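Trainee: Output the structure for:
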Amino acid sequence: MEELFNQIANVGFPIAISCYLLIRIEFKISELTKSINDLSNSISTYNH
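Mentor: From the prediction side, this is the model:
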């Protein structure tokens, strides 16, 4: 039983941190994509 708890502590924590960081990065990438699209639209409007 103690071995199971050790495995959860050794593997569970890195998995939880990885999931948290993945969710944060996904949000930042979507915001960055929106900003790039807005910039592209602004440049396109400026050139015409």
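
Trainee: Please count neighbours and contacts with C-alpha atoms only from this point.
Mentor: OK.

Trainee: what's the spacing between residue 46 and residue 30?
Mentor: If you measure residue 46 against residue 30 using Cα to Cα, to the nearest Å, the figure is 24 Å.

Trainee: residue ranges for the helices of the chain, please.
Mentor: Assigned by DSSP state H, the helices in the chain fall at 2-7, 13-47.

Trainee: Comparing residue 46 and residue 30, which residue is more hemmed in?
Mentor: Higher neighbour count among residue 46 and residue 30: residue 30, with 11 against 8, using other Cα atoms under 10 Å.

Trainee: Which pLDDT value belongs to residue 44?
Mentor: Here the pLDDT value assigned to residue 44 is 91.

Trainee: Now do it against residue 33, distance only.
Mentor: The gap separating residue 44 from residue 33 is 16 Å, by Cα to Cα.

Trainee: low-scoring pLDDT stretches of the chain, where are they?
Mentor: 48 (pLDDT under 70).

Trainee: redo that, cut-off 90
Mentor: 1-10, 12-13, 46-48 (pLDDT under 90).

Trainee: returning to what we had before: point out the most buried one among the helices of the chain.
Mentor: helix 13-47 (a mean of 11; mean count of other Cα atoms under 10 Å).

Trainee: which secondary structure elements does it contact?
Mentor: Packing partners of helix 13-47 (3 or more Cα pairs under 8 Å, 6 or more residues apart in numbering; DSSP states H and E): none among the helices and strands.

Trainee: Pull the distance from it to the chain's centre.
Mentor: Helix 13-47 sits 8 Å away from the centroid of its parent chain (Cα atoms, centre = their mean, to the nearest Å).

Trainee: okay, stretch 35-48 in CSV with CA atoms only?
Mentor: Taking C-alpha atoms only, stretch 35-48 is exported to CSV below (Å, rounded to 0.1, in the frame of the first residue of the first chain):
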residue,chain,number,x,y,z
SER,A,35,-3.6,39.0,-31.7
ILE,A,36,-1.8,37.9,-34.9
ASN,A,37,-5.0,37.8,-36.8
ASP,A,38,-6.0,41.2,-35.6
LEU,A,39,-2.6,42.5,-36.6
SER,A,40,-2.9,40.9,-40.0
ASN,A,41,-6.3,42.5,-40.5
SER,A,42,-4.9,45.9,-39.5
ILE,A,43,-2.0,45.7,-41.9
SER,A,44,-4.3,44.5,-44.7
THR,A,45,-6.6,47.5,-44.0
TYR,A,46,-3.7,49.9,-43.9
ASN,A,47,-2.3,48.7,-47.3
HIS,A,48,-5.6,49.1,-49.1
